[in-house]
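Peer 1: Got a predicted structure plus its sequence, pasted below:
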Amino acid sequence: MIDSTRYIADEIQTLKPSGIRRFFDLAQTMDQVISLGVGEPDFTTPWAVIEASYHSLEKGYTAYTANAGLLELREAISQFLDTYFNVKYDPKEEVLVTVGASQAIDVAFRTLLNPGDEVIVVEPSFVSYVPTIKLAGGVPVIVSTDEAHAFRLQKEDLLRVITPKTKAILLCSPNNPTGALLNKADLADLREVIIEHDLFVVSDEIYADLVYDESYTSIASLADMYERTLLISGFSKAFAMTGWRLGYVCGPKAIIEAMTKIHQYTIMSAPTMAQYGALEAIQHGRADVLMMKESYQQRRNYIVKALNEMGLKCHLPGGAFYVFPSIQSTGLSSEAFAEQLLLSERVAVVPGHVFGDSGEGYIRCSYAASMKQLQEAMARIERFLETLK
Amino acid sequence: MGVVMNEKQLELLRLIEKNGRIDHQTLADMLALEVNQVKEMLTALEQQAVILGYSTLIDWTKVLNTELVTAMIEVKVTPIRGKGFDHVAERIYRFKEVKALYLMSGAYDLSITVEAKTMMEVSRFVSDKLSPLDSVVSTVTHFILKKYKHDGVIFDPPEDDDRRMMVSP
């Protein structure tokens, strides 16, 4: 028998599966696990959104939409961004509706990169960024953030990794896994470097609606940034619509047009029923978003205090639904900590190193779990820490 | 009458309206306050009669050895000069069977929710207590057959198993 592996392209053969996978497999085999390892909301999509999608199916809206997405939806996205984030995009030419923000990131890099172009990735980061850049022929260049600066990218660190080959920087604020928020002052600092070195910005703003202590600033709203920025977002996190796979990307006309070429040949259009749901969400879902946000904020306050009190130091994350406590005081690697915690106390967390080398010594805890689960998880983690003493 | 609340007070009220049994320490942690601050806020809200009580939502249909009949009664009344509807409302809400009473806009004036052990008791309430009141012009009684949702809580919700993957990026 022939080994089918030999038909697989070299690049894919050497592509490593995400480090999260191992924990997923392990946790799957166990009962009574409380999971703080989930990267998605614990809410179900607001009912009105589900109804709107139902209704579109009942009416028989089951055909493709325009490649860029329903014009009504693009208009609503444009209106939404103008109202809440002070950025203006022409719905006809500067908005592309995608299959999740993930597809937008993929198409962005395939549109922007020539072979060998360098893209700066700020770590700890979402696990898909580096592989996506590589698959697009680019070279990811890592810049690390640290706890001392609450995991916010520092100008000096950015300057250090820029080379003549640097084409773009990928920003994600609020950040998965650290929850770090780049506020207006942070972004203004970075903006100087970005403009001086003529970098392009791919800005993953999927958590922009889940910001707790300060107001949110999109880097695209800063002076002279519009031309050099792709604003990527979606419905997954704020509207609890992860399974709908619906996102969008906004940017200057020329780039959106180029991205739409790839999109039209590879995807055609994002799922129609999901687009109708998203239309309802973005037009009438604000109250739901605010309700969920308030609930996340309360759980964040609780978990940050609880972790710090038991000696797992963590900063107060400005957004998203993750905390990123240090486990260095235990002397364990993050992988060993997460594995032992799972096996002995049945609490699933994600070891920080899967988000990049700078995540070693930390774990990611998602607080998109009920207060009851969080309280039980904190009790279990405390018990686990006792056994390490 | 009425008090303007600050953001923290509003958040506290929204939290305990959904769950009145969260302990003070947890409330304090969730609101990023000190436990004493939460206690003081609650005391003040109770004194201002913003918080009127802490009750428990019970599905009595699950308790086999009790009977409970709930009726909603639409009442048309003649308001009394100088006292409007308040006078007759007070005469009605003092009956212990009356669980809720609202003044309504539209085709009738008062909406009464009555709870009793049997339909007979409800019927006696309407014929002996409610209808004889001078101001009451007419009544229409509707019995509740099944409660699906009450005070924002779904009775017998569909099984709520978390379908998310245990670990995801």
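Peer 2: Thanks, I have it. Numbering: from 1, shown residues only, chains lettered A, B, ... in the order given.
Peer 1: OK, contacts around residue 124?
Peer 2: Answering for chain A, as no chain was given. A:144-145, A:151, A:175, A:177-178, A:324, A:352, A:355-356, A:358-359, A:362 (C-beta atoms under 8 Å, 6 or more residues apart in numbering or on different chains). Using the backbone N, CA and C atoms, a C-beta is placed for each residue, glycine as well.
Peer 1: Now rank those residues by neighbours and give me the top one.
Peer 2: A:T178 (34 neighbours; other C-beta atoms under 10 Å in any protein chain shown).
Peer 1: Need the nearest residue in space to it, chain neighbours excluded.
Peer 2: Closest residue in space to A:T178, ignoring its immediate chain neighbours: A:F151 at 3.8 Å, by C-beta to C-beta, 6 or more residues apart in numbering or on different chains.
Peer 1: Also A:K253?
Peer 2: A:K253 sits nearest to A:E93 (C-beta to C-beta, 6+ apart), 4.6 Å away.
Peer 1: can I assume A:I120 sits in a strand?
Peer 2: Yes: assessed with DSSP: H, G, I helix; E, B strand; the rest coil, A:I120 lies in a strand.
Peer 1: and the closest residue in space to it that isn't next to it in sequence, what element?
Peer 2: Leaving aside its sequence neighbours, A:I120 sits nearest to A:I169 (C-beta to C-beta, 6+ apart; 4.2 Å). Secondary structure from DSSP states H and E places A:I169 in strand A:166-172.
Peer 1: so what secondary structure elements neighbour that strand?
Peer 2: The contact analysis (3 or more C-beta pairs under 8 Å, 6 or more residues apart in numbering or on different chains; DSSP states H and E) places strand A:166-172 against helix A:100-112, strand A:118-123, helix A:129-135, strand A:200-204.
Peer 1: Look at residue 165 and report its pLDDT.
Peer 2: You didn't pick a chain, so chain A it is. For A:K165, the model assigns a pLDDT of 98.
Peer 1: if you could check chain B rather than the one you did, that'd help
Peer 2: If you check B:M165, the pLDDT there is 90.
Peer 1: how far away is it from A:P17?
Peer 2: 15 Å (C-beta to C-beta, to the nearest Å).
Peer 1: same question, A:K293
Peer 2: As judged by C-beta to C-beta, A:K293 and A:P17 stand 33 Å apart.
Peer 1: again with A:I206
Peer 2: Distance, A:I206 to A:P17, by C-beta to C-beta: 22 Å.
Peer 1: who has more neighbours, the two?
Peer 2: More crowded of A:I206 and A:P17, by other C-beta under 10 Å: A:I206, with 24 against 9.
Peer 1: The more buried one falls within a helix, correct?
Peer 2: No: assigned with three-state DSSP, A:I206 falls outside any helix and is coil.
Peer 1: Is the helix or strand of chain B with the lowest mean pLDDT positioned near chain A?
Peer 2: When the helices and strands of chain B are scored by mean pLDDT, DSSP states H and E, strand B:153-154 comes last with a mean of 92. No: Strand B:153-154 is not in contact with chain A by C-beta under 8 Å from any C-beta of the partner chain; minimum separation 11.3 Å.
Peer 1: What lies in contact with that strand?
Peer 2: By C-beta under 8 Å, 6+ apart, strand B:153-154 touches B:L57, B:Y148.
Peer 1: now what about stretch B:122-142, what contacts it?
Peer 2: B:69, B:71-80, B:87-88, B:91-92, B:95, B:97, B:108, B:112, B:114, B:116, B:143.
Peer 1: Pull up the distance across that stretch, start to finish.
Peer 2: Terminal residues of stretch B:122-142 lie 10 Å apart, using C-alpha to C-alpha, to the nearest Å.
Peer 1: Equivalent analysis for stretch B:110-121, please.
Peer 2: 20 Å.
Peer 1: for chain B, what are the nearby residues on the stretch 1-150 of chain A?
Peer 2: Counting by C-beta under 8 Å from any C-beta, the stretch 1-150 of chain A sits next to chain B at A:18, A:20, A:23-24, A:27-28, A:33, A:35, A:37-40, A:42, A:126-128.
Peer 1: Max pairwise distance over those residues: which two?
Peer 2: The distance between the two most remote of these (C-beta to C-beta) is 24.4 Å, for A:V33 and A:S128.
Peer 1: Neighbour count: those two, which is higher?
Peer 2: Each of A:V33 and A:S128 has its neighbours counted (other C-beta under 10 Å); A:V33 has more, 19 against 16.
Peer 1: wait, isn't that one in contact with A:A348?
Peer 2: Yes: the pair A:V33 / A:A348 is scored as a contact, 5.4 Å apart, by C-beta atoms under 8 Å.
Peer 1: ok, and the closest non-adjacent residue to A:L187?
Peer 2: Nearest residue to A:L187, sequence neighbours excluded (C-beta to C-beta, 6+ apart): A:I219, at 5.0 Å.
Peer 1: so how far is A:I133 from the one you found?
Peer 2: For A:I219, the distance to A:I133 equals 19 Å [C-beta to C-beta].
Peer 1: And the two? Which one has more around it.
Peer 2: Using other C-beta under 10 Å, the more surrounded residue of A:I219 and A:I133 is A:I133, with 28 against 25.
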